[in-house]
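1. Dropping a prediction and its sequence here:
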Amino acid sequence: MARERDALITGIGLVSCLGEGIDGHRRALHQFAPAVDATSFAPFPVHPLVPVEFDRQIPKRGDQRQMEPWQRIGTYAAGLALESAGIKGDSVLLSRTEMIVAAGGGERDPAVDEALLSALPSATDPDTFLNERLMTDLRPTLFLAQLSNLLAGNISIVHGVVGSSRTFMGEEAAGADALRIACARIAAGQGDLFLVGGASNVQRPEVLLHYQMGRILWKRAYAPVWARQAEGGGIVPGSLGCFLVIESRAYADARGATALAAIAAIGTDRCRRRPGEAAANAARQLDAMRGLVDSSAAAVVSAAAGAAPITAEERAFLDGVGVPVRAAATALGHSIEPSFPAAVALAAIAVADGRLFPPLEPAEAPMDAPLRQALVTGWGHWRGEALALVTGA
């Protein structure tokens, strides 16, 4: 039953290795071919961002220059979302739009890192040498651009979004909680219009080094998410920006907005990841929304990272749900902070179309029945379990 405090998705801004926007991703998913760069960071494959004309959403070159790539990606995706929702350039609506952004840390300067690491072993006084070089080699603008909350700042500057702003850090869980809190605030009457999402640029040596130190990257020829589990699992990272415009039904109706889908329920949790604990969290989340789920018209869009052993545990749990499953990271790569919002975006596109996109690998079953609901799972590679129910608006 429709209620005025329902959380509706009225805009989607998505840019990834598959393309940009709703139509671009719809076409790519229904004619799927992996977009993978296997050479630039060998032996680690990555899903590279498509070439983007940033001028289309960030018209001032000066604004672009002071942003790092991940911020340009996010600001561009935010512009796409605002455009999709019909609020871009509307100063009245933008003044009421509140932001919740999921962000990682800033990007490093590889040239400076390499120079320091090369010279440090031969320095007479390594501590003094390091301090002096950091003060002279790092530009102040580079340091400032590493602040995680500057993505929200740049969105505000470029697009005029001037409501309240919050930035969450915490890898996959940050993106899931950003969505959960937006929906909770709408339900509680604490806000009506939200821009929620994040961005990730994985085409950076230090990012791959960071995750490979945990031995979780896939370093063989590209394989889909579920197929990797037979070979020990691993993440294939993907550069991506995703923002969603979420608003109350009453607010959307009042301004004549067309909703793509609704987030009927959402839950997040975390555990120590002892065997079975993540599945127990997911089972509790599913039980809480069981009365809303119609299994005959539902599918799962999973934001599984691909890392072992947690992805195998997630797949075993999903097999018990008994509906068709699609792994978003097979198509988009795993993007850490925006991975859950991106999976919600794919689910919303499919629900709006009334049909699930075809299987992305042999381990996924086809779905011929009309799609009216999608369960979106997001188990982080290390911590965090999330579940959302996306339904027709």
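-> Structure's in. What do you need?

2. For the rest of this, base every contact and every neighbour count on C-alpha atoms.
-> Noted.

3. what is the residue lying closest to residue 286 once chain neighbours are set aside paired to in the beta sheet?
-> Leaving aside its sequence neighbours, residue 286 sits nearest to residue 387 (C-alpha to C-alpha, 6 or more residues apart in numbering; 7.4 Å). Counting by DSSP bridges, residue 387 is bridged to residue 267, residue 377.

4. my guess is residue 387 meets residue 269, correct?
-> No - the criterion here is C-alpha atoms under 8 Å, and residue 387 misses it with residue 269 at 9.2 Å.

5. can you list the domains in this structure?
-> 7-108+146-391, 110-142 (automatic domain parsing).

6. Output these in JSON lines, with mean neighbour count appended to each entry.
-> Shown next, in JSON lines, are the domains of the chain (neighbours: other C-alpha atoms under 10 Å):
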{"stretch": "domain 7-108+146-391", "mean neighbour count": "21"}
{"stretch": "domain 110-142", "mean neighbour count": "12"}
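
7. Mind putting the ones you listed into CSV with mean pLDDT?
-> Formatted as CSV, the domains of the chain follow (pLDDT from 0 to 100):
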stretch, mean pLDDT
domain 7-108+146-391, 96
domain 110-142, 82
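
8. What ranges does the stretch 1-150 of the chain have for its helices?
-> In the stretch 1-150 of the chain, the helices defined using DSSP state H, counting those that start in this stretch lie at 21-30, 61-65, 69-85, 91-95, 110-119, 126-137, 140-145, 150-159.

9. which is the next helix or strand following the last one?
-> Once helix 150-159 ends, the next helix or strand along the chain (criterion: DSSP states H and E) is strand 165-168.

10. these two touch, right, residue 301 and residue 374?
-> Yes - counting by C-alpha under 8 Å, residue 301 touches residue 374, with 6.6 Å between them.

11. anything in contact with each of these two?
-> residue 347 (C-alpha atoms under 8 Å, 6 or more residues apart in numbering).

12. thinking again about what came up before, I'd like the helices of the stretch 1-150 of the chain written out as CSV, with distance to residue 339 added.
-> Listed next are these as CSV, based on distance: least, C-alpha to C-alpha, whole Å:
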stretch, distance to residue 339
helix 21-30, 15
helix 61-65, 24
helix 69-85, 13
helix 91-95, 25
helix 110-119, 25
helix 126-137, 33
helix 140-145, 22
helix 150-159, 17
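
13. For residue 197, find the nearest of those helices.
-> helix 69-85 (8.0 Å; C-alpha to C-alpha).

14. Against which helices or strands is the closest one packed?
-> With contacts defined as 3 or more C-alpha pairs under 8 Å, 6 or more residues apart in numbering; DSSP states H and E, helix 69-85 has these neighbours: strand 7-16, helix 150-159, strand 193-200, strand 240-248.

15. now with 10 Å?
-> strand 7-16, helix 21-30, helix 61-65, helix 150-159, strand 193-200, strand 240-248 (3 or more C-alpha pairs under 10 Å, 6 or more residues apart in numbering; DSSP states H and E).

16. closest one to residue 392 among those?
-> Nearest of the helices and strands packed on helix 69-85 (C-alpha to C-alpha): strand 7-16, 9.2 Å.

17. Mind listing the strands that closest one pairs with, and their directions?
-> strand 19-20 (antiparallel), strand 240-248 (antiparallel), strand 261-269 (antiparallel).

18. quick one, which of those is nearest to residue 66?
-> Short answer: strand 240-248, nearest of the strands paired with strand 7-16 by C-alpha to C-alpha, at 18.1 Å.

19. Dump that closest one to PDB, restricted to CA.
-> Taking C-alpha atoms only, strand 240-248 is exported to PDB below (Å, rounded to 0.1, in the frame of the first residue of the first chain):
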ATOM      1  CA  LEU A 240      32.500   3.700 -10.800                       C
ATOM      2  CA  GLY A 241      30.400   6.600  -9.800                       C
ATOM      3  CA  CYS A 242      26.800   6.100  -8.600                       C
ATOM      4  CA  PHE A 243      24.300   8.600  -7.000                       C
ATOM      5  CA  LEU A 244      20.600   8.100  -6.400                       C
ATOM      6  CA  VAL A 245      18.000  10.800  -5.800                       C
ATOM      7  CA  ILE A 246      15.600   9.400  -3.100                       C
ATOM      8  CA  GLU A 247      12.600  11.300  -1.900                       C
ATOM      9  CA  SER A 248       9.400  10.800   0.000                       C
END
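
20. So that it lines up with my notes, have the first residue be 42 from now on.
-> Sure, I'll start numbering at 42, so the last one becomes strand 281-289.

21. Quick one: list the elements packing against whatever helix or strand comes next after it.
-> Along the chain past strand 281-289, the next helix or strand (assigned with DSSP H and E) turns out to be helix 290-296. On a contact count with 3+ C-alpha pairs under 10 Å, 6+ apart, helix 290-296 meets strand 48-57, strand 234-241, strand 281-289.

22. Quick check: the residue lying farthest from the centre of the chain vs residue 156, distance?
-> Residue distances from the centre of the chain (C-alpha atoms, centre = their mean) peak at residue 165, which lies 45.3 Å from the mean C-alpha position. For residue 165, the distance to residue 156 (C-alpha to C-alpha, to the nearest Å) stands at 16 Å.

23. again with residue 64
-> Noted for residue 64: a distance of 44 Å to residue 156, by C-alpha to C-alpha.

24. likewise residue 178?
-> Residue 178 is 10 Å from residue 156, by C-alpha to C-alpha.

25. Residue 116 too?
-> Taking C-alpha to C-alpha, one finds residue 116 at 31 Å from residue 156.

26. again with residue 143
-> Relative to residue 156, and taking C-alpha to C-alpha, residue 143 is found at 31 Å.

27. do residue 390 as well
-> Taking C-alpha to C-alpha, one finds residue 390 at 46 Å from residue 156.

28. What of residue 100?
-> Counting by C-alpha to C-alpha - residue 100 and residue 156 are separated by 34 Å.

29. Identify the spatial nearest neighbour of residue 132, chain neighbours not counted.
-> Nearest to residue 132 is residue 201, by C-alpha to C-alpha, 6+ apart, at 7.1 Å.

30. show me what contacts the one you found?
-> Shown in contact with residue 201 (C-alpha atoms under 10 Å, 6 or more residues apart in numbering): 129, 130, 131, 132, 133, 134, 135, 136, 138, 194, 195.
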